[in-house]
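*Asks:* sequence and predicted structure are below.
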Amino acid sequence: MFEYQHYNEIVRLIALEVSEELNADDAMKLKEWIDESPENYRLYSNVKKSTNFNKRNLEYQKIDILVGWKSIASLIEKRRKLVIERKMIKFAAAILLPLIIVGGIYFYTSWGSDHHHRNIAPTCKIHPGSTKAVLILNDGKTVLLDSASNLSIREKDGTLIEKSDGKLNYTNQSAEETTHPIFNTINIPRGGEYNIVLADGTRVYLNAMSSFKYPVTFSGQSREVELTGEAYFEVKKDEDWPFIIRTSAISIEVLGTSFNLNAYENTEKIVTTLVEGRVKINSHNSNDSRLLVPEEQATFYTKNGQTDIKKVDVNLYTAWKDGNLIFYDSRLEDIMTTLTRWYSAEVLYSEESVRNLRFSGNLNRYGDVSQILDIIRSTGKINVEIKKNTILFSEKK
């Protein structure tokens, strides 16, 4: 079967070759893929014939292509079972798939032409978020954190809090355990993000509209923190000292692992995606406990208390911390819920049906939102309009 990661790599290689940026190693990978089958060679040849892009006018964007790829890939898979459909499959692989790649991966325009500017007015800009947060100390004092200045704070137990390069770092310089733990809380506003290194060495990447409460120094038999919102954790391994994250409805217990936790308020589910290691998920209202292994995702439904576990491509759920936003066959409303947390925008839908339109794409998290919306509009499914800080979607008539 064609998998997302493999597909995304081939897409990247073809794009790099078209833009004349393919290095020797990548060129060898692309050649190996081309030589795997006649279908791959014909696909590659048709894409090359269909494109006359160059480095100056190429805008490398990927949108709404994975669904097309998936449908064509399923046809190619059936090739082995249904010989009678071979001509149709060859046609799909050689003709339709290049169109998907050309129209989806390479949404390109001439930067000097009016076409690039006519979809969304350049004066209507909603900029991406930035590194910012509010730190609440144990005594209730607040400290505004942004990317501009560094600071150094020492808590009552001697723990040193240092801020540099948009990151908080906690260092415990005392060997004594505290009787009464000292807690800090960091709040990430809409359009913000922040990274923390806790006193035990655990790294936490916090997404927009999140709140994280934690002791400045860990003591006792476990390391316990609280999260509302979304965070990616790289937990410092200690088999004798479990790390526990508490949310509104579940707690996640780990020994040393990397995973993403999405637990925003007023949502119907809490999603845990495990990259490496092992975690245990415990429901607050029942004795239900579930274990996850790498590349598994647990979705806890807050209304009925049920937990579903499935295999996933973890990149789809962790790419945000590395500056990308990846969506796969996602509802427009779900996509925009994610985007508006980061871009601090409001969204209106002229028809209910528009909310359920599905898109796929791999986007730059730090790009201007108008570029992303222009690409969505280019699919021809909907109209997109920006008025001040509001994005309006309407059905294509």
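*Replies:* Great, that's in hand.

*Asks:* elements contacting the one helix or strand Trp33 maps to?
*Replies:* Per DSSP states H and E: Trp33 is located in helix 24-35. Applying 3 or more C-beta pairs under 8 Å, 6 or more residues apart in numbering; DSSP states H and E, one finds that helix 24-35 contacts helix 4-18, helix 38-50. Every residue, glycine included, has its C-beta placed from N, CA and C.

*Asks:* what mean pLDDT does the longest one get?
*Replies:* Pointing back at helix 4-18 there. The average pLDDT for helix 4-18 rounds to 66.

*Asks:* mind listing what the nearest residue to Asn356 once chain neighbours are set aside touches?
*Replies:* Nearest non-adjacent residue to Asn356, counting by C-beta to C-beta, 6 or more residues apart in numbering: Arg331, 5.5 Å away. Contacts for Arg331 were tallied using C-beta atoms under 8 Å, 6 or more residues apart in numbering; they are Arg355, Asn356, Leu357, Arg358.

*Asks:* burial measure for Ser353, as a count.
*Replies:* 10 (other C-beta atoms under 10 Å).

*Asks:* likewise the one 4 residues further on?
*Replies:* By the measure other C-beta under 10 Å, the count of residues near Leu357 is 20.

*Asks:* tell me the contacts of it?
*Replies:* Leu357 touches Arg331, Leu332, Lys381, Ile382, counting by C-beta under 8 Å, 6+ apart.

*Asks:* for the stretch of helix or strand Thr318 belongs to, C-alpha coordinates in CSV please.
*Replies:* Per DSSP H and E, Thr318 falls inside helix 315-318. Coordinates of each C-alpha in helix 315-318 appear next as CSV, following Å, rounded to 0.1, in the frame of the first residue of the first chain:
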residue,chain,number,x,y,z
ASN,A,315,3.9,13.2,11.8
LEU,A,316,0.4,14.4,11.2
TYR,A,317,0.0,15.2,14.9
THR,A,318,3.4,16.4,15.9
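
*Asks:* so what touches it?
*Replies:* So helix 315-318 is contacted by Tyr4, Gln5, Tyr232, Asn260, Asn262, Val271, Thr273, Val275, Gln297, Ile326, Phe327, Tyr328 (C-beta under 8 Å, 6+ apart).

*Asks:* recalculate using a threshold of 7 Å.
*Replies:* Contact with helix 315-318 is made by Gln5, Tyr232, Asn260, Thr273, Val275, Ile326, Tyr328, as judged by C-beta atoms under 7 Å, 6 or more residues apart in numbering.

*Asks:* over to stretch 387-397?
*Replies:* 126, 332, 345-351, 353-354, 373, 380-385.

*Asks:* what do you get if the cut-off is 6 Å, keeping everything else the same?
*Replies:* Residues from elsewhere that reach stretch 387-397, judged by C-beta atoms under 6 Å, 6 or more residues apart in numbering: Ala345, Glu346, Val347, Leu348, Tyr349, Ser350, Glu351, Val354, Ile382, Asn383, Glu385.

*Asks:* and which of these is nearest Glu36?
*Replies:* Using C-beta to C-beta, Ile382 is the member of the contacts of stretch 387-397 that lies nearest Glu36, at 37.1 Å.

*Asks:* and the residue nearest to Asn356, bridged to which residues?
*Replies:* Arg358 (DSSP bridges).

*Asks:* quick one: the helices in the stretch 101-250 of the chain?
*Replies:* Here the stretch 101-250 of the chain has its helices, by DSSP state H, counting those that start in this stretch, at 115-118.

*Asks:* low-confidence ranges, it, go.
*Replies:* Within the stretch 101-250 of the chain, the segments meeting pLDDT under 70 span 101-124, 147-148, 173-179.

*Asks:* again, only this time at 50
*Replies:* Low-confidence segments of the stretch 101-250 of the chain (pLDDT under 50): 101-123.

*Asks:* residue boundaries of the strands in it?
*Replies:* For the stretch 101-250 of the chain, the strands defined by DSSP state E, counting those that start in this stretch occupy 130-136, 142-146, 151-154, 160-164, 167-171, 183-188, 192-197, 203-206, 210-215, 223-234, 243-246, 250-254.

*Asks:* now the fifth one: buried residues?
*Replies:* Of the residues in strand 167-171, those scored as buried under the neighbour-count criterion (16 or more other C-beta atoms under 10 Å) are Lys167, Leu168, Asn169, Tyr170.

*Asks:* for those residues, which one is nearest Tyr366?
*Replies:* Lys167 (17.0 Å).

*Asks:* what's the distance between the closest one and Lys396?
*Replies:* To Lys396, Lys167 is 44 Å away according to C-beta to C-beta, to the nearest Å.

*Asks:* bridging residues for the spatially closest residue to Arg154 that is not a sequence neighbour?
*Replies:* Among residues not flanking Arg154 along the chain, Leu160 sits closest, at 5.5 Å (C-beta to C-beta, 6+ apart). In this entry, Leu160 is beta-bridged to Arg154, Thr171, by DSSP bridges.

*Asks:* so Leu160 sits against Asn169, correct?
*Replies:* No - Leu160 is beyond contact range of Asn169, at 8.3 Å (criterion: C-beta atoms under 6 Å).

*Asks:* count the residues that sit near His180.
*Replies:* Quick note: His180 (other C-beta under 10 Å) scores 9 neighbours.

*Asks:* ok, now Thr202?
*Replies:* Neighbour tally, Thr202, other C-beta under 10 Å: 22.

*Asks:* among the contacts of Leu357, name the buried ones.
*Replies:* Buried among those by 16+ other C-beta under 10 Å: Leu332, Lys381, Ile382.

*Asks:* now Thr267: phi and psi?
*Replies:* For Thr267, the backbone dihedrals (degrees, to the nearest 10) come out as phi -120, psi 160.

*Asks:* just give the nearest non-adjacent residue to it, would you?
*Replies:* Per C-beta to C-beta, 6+ apart, closest to Thr267 is Thr302, 7.6 Å.
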